[in-house]
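>>> Sequence below, structure please.
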Amino acid sequence: MATTIPPTQSNTLEPSALTTLLSSTPPSTPLSASTIQILHNLQHQHLWTSLRVHDLHLPSPDTNTPSEPLYLISGIPPHHVYTHPDEQLFMLERGLRDEDVELERMFVLPTVEGQSWSLRKMAGVFDSLPEGGADEANREVEVEGEKADKLREYYEYREKERATREWGGKRLLLAMVDRQMGGDGTVVYYVVHDGAVKPRQN
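Have a look, this model is predicted:
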């Protein structure tokens, strides 16, 4: 006995949200298409908010060659992505948790697997980042009592540590899209630091 499959309403598949986004914003370079893809990934898969794309203009090492366009994405993640070990210790000693500390804007550098990077180029990216604490002046502690005093102490100490880089220097997320042969467009994120990071002690 043969069974018949009822005809579907439409034989065409609907494009994904990412495909629709990429087709509605014509990219000028493959890197700008990757930037849009990573922006979409941060917003919809990782739930980042207040996302912005920044043009990054690095000086070209060769004056005859125009520098290729680079982009940075900045946004606020739903939780802290990285906390320096000394910062963690400071917080533990004062009974502060990650949830007590306000989330900060992080920078993401979009890249494609196989894209070449030099130390000079990466140093140029770090030089273009703000020193951190750009919104420090606007921060107000909304809790009262002993916890408010501990948070004020934390924010004051963090500002001092940023100047001396004892809690580490600038950092960003390096977002890499797999677009090579057979790549499925997966985005992988790496925490990258400006300079050496003190190893954790157990």
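>>> Reduced to three states, what does residue 115 come out as?
coil (DSSP: H, G, I helix; E, B strand; the rest coil).
>>> Residue 176 now?
strand.
>>> got the CA coordinates for the helix ranked longest in the chain in PDB?
Criterion DSSP state H: the longest helix present in the chain is helix 146-164. What follows is helix 146-164 as a C-alpha-only set of coordinates in PDB (Å, rounded to 0.1, in the frame of the first residue of the first chain):
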ATOM      1  CA  GLU A 146      28.100  48.300  54.000                       C
ATOM      2  CA  LYS A 147      27.900  46.800  50.500                       C
ATOM      3  CA  ALA A 148      27.800  50.300  49.000                       C
ATOM      4  CA  ASP A 149      31.000  51.200  50.900                       C
ATOM      5  CA  LYS A 150      32.700  48.000  49.600                       C
ATOM      6  CA  LEU A 151      31.600  48.800  46.000                       C
ATOM      7  CA  ARG A 152      32.900  52.300  46.200                       C
ATOM      8  CA  GLU A 153      36.200  51.000  47.600                       C
ATOM      9  CA  TYR A 154      36.400  48.500  44.700                       C
ATOM     10  CA  TYR A 155      35.700  51.000  42.000                       C
ATOM     11  CA  GLU A 156      38.300  53.500  43.400                       C
ATOM     12  CA  TYR A 157      40.900  50.700  43.700                       C
ATOM     13  CA  ARG A 158      40.100  49.400  40.200                       C
ATOM     14  CA  GLU A 159      40.700  52.900  38.800                       C
ATOM     15  CA  LYS A 160      44.100  53.000  40.500                       C
ATOM     16  CA  GLU A 161      45.000  49.500  39.400                       C
ATOM     17  CA  ARG A 162      44.100  50.300  35.700                       C
ATOM     18  CA  ALA A 163      46.600  53.200  35.800                       C
ATOM     19  CA  THR A 164      49.400  50.800  37.100                       C
END
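>>> who does that helix touch, helix- and strand-wise?
Judged by 3 or more CB pairs under 8 Å, 6 or more residues apart in numbering; DSSP states H and E, helix 146-164 is in contact with helix 85-93. C-beta here means a position set from N, CA and C on the backbone, and glycine is covered the same way.
>>> any idea of the angle the helix it packs on forms with helix 146-164?
160 degrees (axes from the mean of the first three to the mean of the last three CA atoms, to 10 degrees).
>>> Would you mind confirming that residue 109 is in contact with residue 173?
Yes: counting by CB atoms under 8 Å, residue 109 touches residue 173, with 7.1 Å between them.
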